[in-house]
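> okay, sequence plus prediction incoming.
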Amino acid sequence: MELKVCRATRLEGTITVPGDKSISHRALLLGSLACGETVIENFLRGKDCLATLRCLRQMGVKIEEEEDRVRVEGRGLGNLREPEEVLDAGNSGTTMRLLLGVLAGNPIFAVLTGDASLRRRPMDRVILPLKLMGAEIWGRQEGKLAPLAIRGQRELRPIEYTSPVASAQVKSAILLAGLYAEGETSVTEPALSRDHTERMLSYFGVPVKREGLTVRLRGRALLQGRPVRVPGDFSAAAFFLAAAAISPEGRVVVKEVGLNPTRTGLLEVLEAMGARLAVEVTGEWAGEPVGNVTVESSELRGVEIGGEIIPRLIDEIPVLTVVAACAAGKTVIRGAEELRYKESDRLATMALELGRLGAKVEVLPDGLIIHGGHPLQGSRVQSHGDHRVAMAMAVAGLVAEGETIIEGAEAIDVSFPNFPLLLATLAGEARGK
Ligand SMILES: O=C(O)C1=C[C@@H](OP(=O)(O)O)[C@@H](O)[C@H](O)C1
Ligand SMILES: C=C(OP(=O)(O)O)C(=O)O
């Protein structure tokens, strides 16, 4: 599918975005392991979360869907049924890595696969610690790549694991496996990654202790099913917040969006670039802060970023690259090598595709240098099967002269199916004025 985007001189409107992807995955998983029922409201009906839903159903979890309201009947810890068929995680790293953590503690055999992109992504980062805990796992290329086969155990060994990467998927897989281990399991990461698993475990009644960059839990604790209202996805909102900042005129308000500080690094960077923005926390949903964000058209300047902020804006770097191309001066992003292991190598794909529009982008081993302020010219670009690249390029298309056509735009469906409609509405509402 192709998505056509025309230059919009003004972007205006108040919107909500679909439920958070990370929280929707976790609500399904923890709901399945809990006792009793979990009703999820504002569940993200994107392909990634639907892959998690299908895999859990294949293992005997009863799940009823009514639009974005999902009811999960928990089976309790260790009661998943052996799936008769291969589990397909599609394009979703979160599905595969978090499911491995859960499967490690169930005495069943399962085979997991995914699409061509997921079959290239490193799985050894979770397989290694899960093997230390006692799970048996096999995969291609000496156990690094999917398809994977796993035989879980009725009881796992607790570990104290120091992860070489700041990854919420690694941390979550170990904490989920830790639920099946007698004693205390801990994970220490080099920088704080998103903490939704910790928050939701606490919300379901499992105490999780944090000391600096280490989190701990005691296994064998019971999870109690609870209602979960999923906040709007900050990573989805980010495309419109960025678009508002770079558009020549206008103002976008996103309401009821998740404002967990482990996710909102982009707001700090936009502020440092000179963006006019306002944030208002209005409440807490299922242990997660929620509120409204307003961004207005702004004069932007380049910045240098790296270090601990990177995991707090990891999925926003593609669209941040677009913002940087529209800012005066140079932006340097370092410490973001992890982007090479996403749905595409996002350092390479963003530099290539933005380059087609005339942006000046240099690729570093762990980041990008963007020389901003060069006018963008509409062109034909590719998503590389990566939803965030597709949406970031659509945002670039709003400020590029003429027309930008994004090929492979169907990738957007994995995280934000109504993105094209919302984009057209915001640009169109402004045009109608
Ligand atoms: O745990 C999660 O829900 C996610 C963690 C991040 O990946 P890593 O853990 O690989 O950094 C992020 O990029 C992904 O979109 C979702
Ligand atoms: C990296 C992402 O997701 P996942 O790792 O779950 O495929 C993403 O949504 O940008």
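Perfect, thanks for sending it. Ligands and ions are numbered 1, 2, ... in the order given.
> any idea how many residues pack against N91?
24 (other Cβ atoms under 10 Å). Just so you know, the C-beta spots here come from the backbone N, C-alpha and C atoms, and that holds for glycine as well.
> near ligand 1, which residues of the stretch 51-200 of the chain?
Applying Cβ under 6 Å from any ligand atom, we find that the stretch 51-200 of the chain lies next to ligand 1 at G93, T94, S167, A168, Q169, S172, S193, R194.
> a strand runs through the second one, doesn't it?
I take that to be T94. No. Assignment of T94 by DSSP: H, G, I helix; E, B strand; the rest coil gives helix, placing it outside any strand.
> the stretch 51-200 of the chain: strands as residue ranges?
Per DSSP state E, counting those that start in this stretch, the stretch 51-200 of the chain carries strands over the ranges 62-66, 69-73, 87-88, 109-113, 136-139, 145-151, 160-162, 184-188.
> can I get these in JSON lines with mean pLDDT?
What follows is the strands of the stretch 51-200 of the chain, written out as JSON lines (pLDDT from 0 to 100):
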{"stretch": "strand 62-66", "mean pLDDT": "98"}
{"stretch": "strand 69-73", "mean pLDDT": "98"}
{"stretch": "strand 87-88", "mean pLDDT": "99"}
{"stretch": "strand 109-113", "mean pLDDT": "98"}
{"stretch": "strand 136-139", "mean pLDDT": "98"}
{"stretch": "strand 145-151", "mean pLDDT": "98"}
{"stretch": "strand 160-162", "mean pLDDT": "98"}
{"stretch": "strand 184-188", "mean pLDDT": "98"}
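> tell me the contacts of the residue of the chain found nearest ligand 2?
Residue nearest to ligand 2 within the chain: G93 (2.8 Å; Cβ to the nearest ligand atom). By Cβ atoms under 8 Å, 6 or more residues apart in numbering, the contact list for G93 reads L118, R121, Q169, K342, E343.
> of those residues, which belong to helices?
Taking DSSP state H, the ones among these that sit in helices are Q169.
> so which of the contacts of G93 also contact ligand 2?
K342, E343.
> tell me which two of the contacts of G93 sit farthest apart.
The distance between the two most remote of the contacts of G93 (Cβ to Cβ) is 13.2 Å, for Q169 and E343.
> related to what we said a few turns ago, and the pLDDT at the residue of the chain closest to ligand 2?
For G93, the pLDDT comes out at 98.
> one more: G428?
85.
> and what about it, helix, strand or coil?
helix.
> what about it, how many residues nearby?
Applying other Cβ under 10 Å, we find 12 residues neighbouring G428.
> M350 now?
By other Cβ under 10 Å, 31 other residues sit near M350.
> tell me the secondary structure at it.
Of the three states, M350 takes helix under three-state DSSP.
> quick one: contacts for it?
By Cβ under 8 Å, 6+ apart, the contact set of M350 is I317, P318, T321, V361, L368, V389, A392.
> now, which of the residues you listed lie within helices?
Counting by DSSP H, the contacts of M350 contribute I317, P318, T321, V389, A392 to helices.
> right, and the fourth one touches T349 too?
Think V389. Yes. Using Cβ atoms under 8 Å, V389 makes contact with T349 at a distance of 5.1 Å.
> these two: which is more packed in?
V389 (29 against 25).
> now E160, nearest residue through space, not along the chain?
Nearest residue to E160, sequence neighbours excluded (Cβ to Cβ, 6 or more residues apart in numbering): S186, at 4.8 Å.
> surely that neighbour and R218 touch.
No. With contact defined as Cβ under 8 Å, S186 does not count as touching R218 (10.4 Å).
> quick one: stretch 198-205 to chain centroid distance?
Distance of stretch 198-205 from its chain centroid, counting by Cα atoms, centre = their mean, to the nearest Å, is 19 Å.
> which residues of the protein lie near ligand 2?
Residues of the chain lying close to ligand 2 (Cβ under 6 Å from any ligand atom) are D48, S92, G93, T94, D315, K342, E343, R388, S415.
> if you set the cut-off to 8 Å instead, what comes out?
Applying Cβ under 8 Å from any ligand atom, we find that the chain lies next to ligand 2 at 21-22, 25, 48, 91-95, 97, 118, 121, 169, 235, 314-315, 342-343, 386-388, 414-415.
> any regions of the stretch 151-300 of the chain where pLDDT drops low?
Within the stretch 151-300 of the chain, not a single segment meets pLDDT under 70.
> and V17, how many neighbours?
Using other Cβ under 10 Å, V17 has 25 other residues around it.
> quick one: residues contacting it.
When the contact criterion is Cβ under 8 Å, 6+ apart, the partners of V17 are G232, D233, A236, A237, F240, V254, V257, F416, L422.
> residue contacts, the second one?
With contacts defined as Cβ under 8 Å, 6+ apart, D233 is in contact with V17, P18, G19, D20, K21, L44, V257, G258, S415, F416.
> could you find the closest non-adjacent residue to the third one?
Nearest non-adjacent residue to G19, counting by Cβ to Cβ, 6+ apart: V230, 3.5 Å away.
> from memory that neighbour sits against V39, does it?
No. In this structure V230 lies outside contact range of V39 using Cβ under 8 Å: 11.2 Å.
> show me which of the two is the more surrounded one.
Neighbour count, other Cβ under 10 Å: between V230 and V39, V230 has more, with 27 against 18.
> could you pull up phi and psi at the more buried one?
Main-chain torsions, V230, degrees, to the nearest 10: phi -80, psi 120.
> equivalent analysis for the one 4 residues further on, please.
F234 adopts backbone torsions of phi -60, psi -40, taken as degrees, to the nearest 10.
> next, work out how far apart it and ligand 1 are.
Distance, F234 to ligand 1, by Cβ to the nearest ligand atom, to the nearest Å: 11 Å.
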